[in-house]
Every structure is written in structure tokens, then in C-alpha cells.
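Colleague: any chance you can model this:
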Amino acid sequence: MLNLDAQTAQRNRAYRAFTLDRAGLVFSAEIVPAEDDTQARRRARAMVADAAIELWDRTRFLGRYEPAAQARA
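Modeller: Modelled structure (predicted):
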């Protein structure tokens with residue numbers, strides 16, 4: 001679990017990363033602590049596995065990151 005104290009909160013912003021299911025609906029959400037948008041985007045891209053991730057800063061949409069296309073057999 002993420003523990004944000006007052007000092008950490010001053011250094012970092014709490015972005016939200018939403019994992020989407022195949023229908024494009026939110027499956028889960030996670031707080032992404034980052035110092036700026038660039039760092040938050042890098043962390044969100046690193047979270048992508050089998051599902052798309054949307055990154056938000058409150059009501060500000062920062063991007064959608066899709067999993068790499070699976071190699072076809």
C-alpha cells in the first residue's frame with residue numbers, strides 16, 4: 001500500500017492509472033506517485049502488460065498506453 005506523508009506529498013503528485021478491460025471499461029485503479037507528467041507517463045507505460053492503461057491527473061487526461069501487439073503464429 002502506498003503511504004504518502006506530508007513531505008512526500010509536497011515532492012510528488014498522485015496520478016491515477018486505470019487498467020482497462022477488453023471492453024474499455026475500468027478494471028482497476030492505482031495511484032502513481034511522480035514528480036511530473038514525464039515521470040508519471042514513464043511509470044504508466046511500464047505498468048502495461050496484457051491490458052491498456054489510462055493515466056490521469058485528477059480530471060486531466062495524460063494518455064492511453066496499449067499492450068504491444070502479440071506476435072501471430
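
Colleague: what bits of this protein have low per-residue confidence?
Modeller: Of all residues in the chain, those with pLDDT under 70 make up the ranges 1-11, 70-73.

Colleague: can you give me the helices in it?
Modeller: Applying DSSP state H to the chain gives helices spanning 6-11, 37-47.

Colleague: list the buried residues of the last one.
Modeller: Of the residues in helix 37-47, those buried by neighbour count under the rule 16 or more other Cβ atoms under 10 Å are 40-41, 43-44. Glycine gets a C-beta too; all of them are placed from N, C-alpha and C.

Colleague: bridged to the most centrally placed residue in the chain, which residues?
Modeller: Residue closest to the mean C-alpha point of the chain, counted by Cα atoms, centre = their mean, is residue 17 at 2.8 Å. Taking DSSP bridges as the rule, residue 17 bridges to residue 30, residue 55.

Colleague: who touches residue 55 in this structure?
Modeller: Going by Cβ atoms under 8 Å, 6 or more residues apart in numbering, residue 55 touches 15-18, 32, 40-41, 44, 61-65.

Colleague: for stretch 25-41, what is the distance to the chain centroid?
Modeller: 3 Å (Cα atoms, centre = their mean, to the nearest Å).

Colleague: can the buried residues of helix 37-47 go into JSON lines with extra columns for distance to residue 24?
Modeller: Output for the buried residues of helix 37-47, formatted as JSON lines (distance: Cβ to Cβ, whole Å):
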{"residue": "40", "distance to residue 24": "21"}
{"residue": "41", "distance to residue 24": "20"}
{"residue": "43", "distance to residue 24": "22"}
{"residue": "44", "distance to residue 24": "16"}
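
Colleague: now for those: which two are most distant?
Modeller: Largest separation among the buried residues of helix 37-47 by Cβ to Cβ: 41 and 43, giving 7.4 Å.
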